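This is a predicted model, with the sequence first.
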Amino acid sequence: MNPEEEAQFSAYVTDRRDRMRRTAYLLCGDWHRADDLTQIAFVKLYGAWRQIRDRGALDAFVRRCLVRATVDESRRPWRRERAVEVLPEPAEQAGAAADIASGVVDRQLMRSALAGVPPGQRAVLVLRYYEGMDVAATAAALECSEGNVKSQTARGLAALRAALAGLGATPPGGEQP
Amino acid sequence: MTGPDSPDPGYPELTRALTDLADDPAAPASTVSLDSILAAGRAQESGAPAGPEPVAASAREPGEPGVAAVTELRTWRRRPAMLALVAAAALAGIAALVIPLSLSGGSSTTTSADSARVAGPTAGSEGDAAAAAGGSAASGPAGGAAAAESAPAGAGSSAAAGGSAAAGSAAELAVPSIAGEPSSAGGPPAVAASCWPPLSAPAEAALSAALPAGEFGPPAALTLGCDTTPVAGALLAGQGQRTALAVRVSRAAPGACAVTSNEAGSACTPKGAGYLGVDAGGTPTAFAYRNGYQVAVGGLPAAAGGIPVQPGLSPDQLAAAAAAVLGALH
């Protein structure tokens, strides 16, 4: 990468680093892991910088790297979910969430609920409802079919709803039948 | 939250919830710096290690790998694939060596290049080679005769000393090469230039059974030229001094009586199921044919030194030996 390209890359990273870090956090639920994932995604972007001629596609590339890295990391043995007898921090959060009359759950509750959604479905939810991407763009970012995005969205929403209900909170959008 | 593709009443709230979660003011400061990304990217391009850990190790829970650890794990994942590739390449190399050797019987390493090199010279060069072997300045057919005369001088004593041991090995007969192999003055005969693979075990057994017991030694390599299309051959040293029996299996049409190119079809007459040929030196050779094969059993022709067969071995016995060898071919 020549100095001019490196300057462009630096400008892009500086501009998008925080946003990508937040997306990574929503994908993995941990700020430190989000830092790792962000670093991995940007390093991959560094290696592919010359191949990406359409600068408008940079965000999509980094998001795809983030999702891939998140799913890869979630498959590692030390990342797998473990069954525990007692859920961490259940009663206080459930009670606090119940106090929110508007039904909007607080951060900790939402984070716990998101953690209960499988990584692939969580990625779909984040891309669609946080990044604001439509079905087609989400399918392109995840390299899957639109039908798969739709089904994963439905399952992810159901999982999120179930997780929130399990924590005693009201899901966004109201009660579901 | 109703359907994945329908207007979602939970969309704004979910978006708001996610945004609120992502904009957590209590989030720790980012440890991802532009410098660390650039350093890792440069290291990745140059293939060097990623350098110092970009993320503060103290901020990470125990047991959680950082970027460097992840990179190392990816290297470990690729290692089995690389090892498998190396192993496959090694296997292919070994197979490329072992299979040709096993197909050639393991005892003869004659290649087509050797055959072409040996078969290349013509009758004119035969004389030169024979003259060189004999150390004489003679050329042409006379040179071949001179070589035949001089050949026993070096090996005759050992053949005589062999006596009952069937005159030692056939190699000791120092059969002159008719292939035109440049056997330089003072050097050994061009034994390695033979393009006659040894007889198969069944053929050797059939030959031994067809010959009178004790008259000939064990089959040895036949060091003749390749004017015909050789399949197999053997040279059996006889009891008497400078007697031998040459067995040549080649591909030829029935009745060709071809032993070398310059004597093909000479004085060949039908005899029984095969043919009997007698060359200019009076050396008889029995020929038998089947399935495109020719089996010639007899003494060495004049062009090859003119070593006669064992005295007392009749043409019928030669024909029987040829038929036996022919019957043992596949």
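Good, I have the coordinates. Numbering: from 1, shown residues only, chains lettered A, B, ... in the order given.

C-alpha from now on. contacts and neighbour counts both.
Noted.

How many neighbouring residues does residue B:283 have?
The local packing of residue B:283 (other CA atoms under 10 Å in any protein chain shown) involves 17 other residues.

Quick check: the gap between it and residue B:297.
Separation of residue B:283 from residue B:297 (CA to CA, to the nearest Å): 11 Å.

Can you pull up the most central residue in chain A?
residue A:27 (2.4 Å; CA atoms, centre = their mean).

wait, what's in contact with that one?
Residue A:27 sits next to A:67, A:70, A:119, A:122, A:123, A:126 when contact means CA atoms under 8 Å, 6 or more residues apart in numbering or on different chains.

Find the helix or strand that the second one is a member of.
For residue A:70, the host element (DSSP states H and E) is helix A:58-74.

buried set for that helix?
By neighbour count on 16 or more other CA atoms under 10 Å in any protein chain shown, the buried set for helix A:58-74 is A:58, A:60-71, A:73-74.

again, but for stretch A:133-149
Buried residues in stretch A:133-149, counted by 16+ other CA under 10 Å: A:133, A:135, A:137, A:138, A:139, A:140, A:141, A:142, A:146, A:149.

mind listing what the last one touches?
Spelled out, it's residue A:149. Residues counted as contacts of residue A:149 (CA under 8 Å, 6+ apart) are A:124, A:135, A:138, A:139.

Reformat the buried residues of stretch A:133-149 as CSV; add pLDDT, secondary structure and distance to residue A:114.
CSV is the format used below for the buried residues of stretch A:133-149 (pLDDT from 0 to 100; DSSP: H, G, I helix; E, B strand; the rest coil; distance: CA to CA, whole Å):
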residue, pLDDT, secondary structure, distance to residue A:114
A:133, 85, coil, 18
A:135, 89, helix, 20
A:137, 86, helix, 22
A:138, 88, helix, 18
A:139, 88, helix, 20
A:140, 85, helix, 23
A:141, 83, helix, 20
A:142, 85, helix, 19
A:146, 91, helix, 22
A:149, 92, helix, 17
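
Just give me the closest of these to residue A:41.
residue A:141 (13.5 Å; CA to CA).

How about the contacts made by that closest one?
Going by CA under 8 Å, 6+ apart, residue A:141 touches A:60, A:61, A:63, A:64.

what do you get for residue A:146?
A:135, A:136, A:138, A:139.

again, only using 6 Å
Residue A:146 is in contact with A:136, A:139, counting by CA atoms under 6 Å, 6 or more residues apart in numbering or on different chains.

can you check the one 10 residues further on too?
Counting by CA under 6 Å, 6+ apart, residue A:156 makes contact with residue A:121.

10 Å - rerun?
Neighbouring residues of residue A:156 by CA atoms under 10 Å, 6 or more residues apart in numbering or on different chains: A:114, A:116-125, A:150, A:162, B:4.

now residue B:237: how far from residue B:212?
Distance from residue B:237 to residue B:212, by CA to CA: 13 Å.

Looking at those two, which has the bigger crowd around it?
Taking neighbours as other CA under 10 Å, residue B:237 and residue B:212 compare with residue B:237 leading, 30 against 12.

I'd assumed the more buried one was in a strand, is it?
Yes - counting by DSSP: H, G, I helix; E, B strand; the rest coil, residue B:237 falls inside a strand.

can you pull out the helices in chain B?
In chain B, the helices defined using DSSP state H lie at B:11-22, B:34-46, B:67-103, B:112-119, B:123-134, B:140-162, B:201-210, B:315-328.

mean confidence for the fifth one?
Right, the one you point to is helix B:123-134. Mean per-residue pLDDT for helix B:123-134: 40.

Please apply the same query to the second one.
Throughout helix B:34-46, pLDDT has a mean value of 86.

And that helix, what's buried?
The neighbour-count check on helix B:34-46 (16+ other CA under 10 Å) flags B:34, B:36, B:37, B:38, B:39, B:40, B:41, B:42, B:44 as buried.

can the contacts of residue A:27 go into CSV with extra columns for pLDDT and distance to residue B:25?
Listed next are those as CSV, based on pLDDT from 0 to 100; distance: CA to CA, whole Å:
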residue, pLDDT, distance to residue B:25
A:67, 87, 24
A:70, 83, 23
A:119, 85, 24
A:122, 89, 22
A:123, 89, 23
A:126, 90, 19
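
Need the max-distance pair from those.
A:70 and A:126 (12.3 Å).

Low-confidence ranges, the stretch 51-200 of chain B, go.
B:51-78, B:105-194 (pLDDT under 70).

Name the nearest residue to residue A:134, ignoring sequence neighbours.
Nearest non-adjacent residue to residue A:134, counting by CA to CA, 6 or more residues apart in numbering or on different chains: residue A:128, 6.1 Å away.

Can you get me a residue count around that neighbour?
Residue A:128: 20 surrounding residues under other CA under 10 Å.

Surely it touches residue B:15?
Yes - counting by CA atoms under 10 Å, residue A:128 does reach residue B:15; the two are 8.8 Å apart.

following the one helix or strand residue A:18 maps to, which helix or strand comes up?
Element membership for residue A:18 (DSSP H and E) is helix A:3-28. Going down the chain from helix A:3-28, the next helix or strand is helix A:31-48, by DSSP H and E.

other SSEs contacting that following helix?
helix A:3-28, helix A:58-74, helix B:34-46, helix B:67-103 (3 or more CA pairs under 10 Å, 6 or more residues apart in numbering or on different chains; DSSP states H and E).
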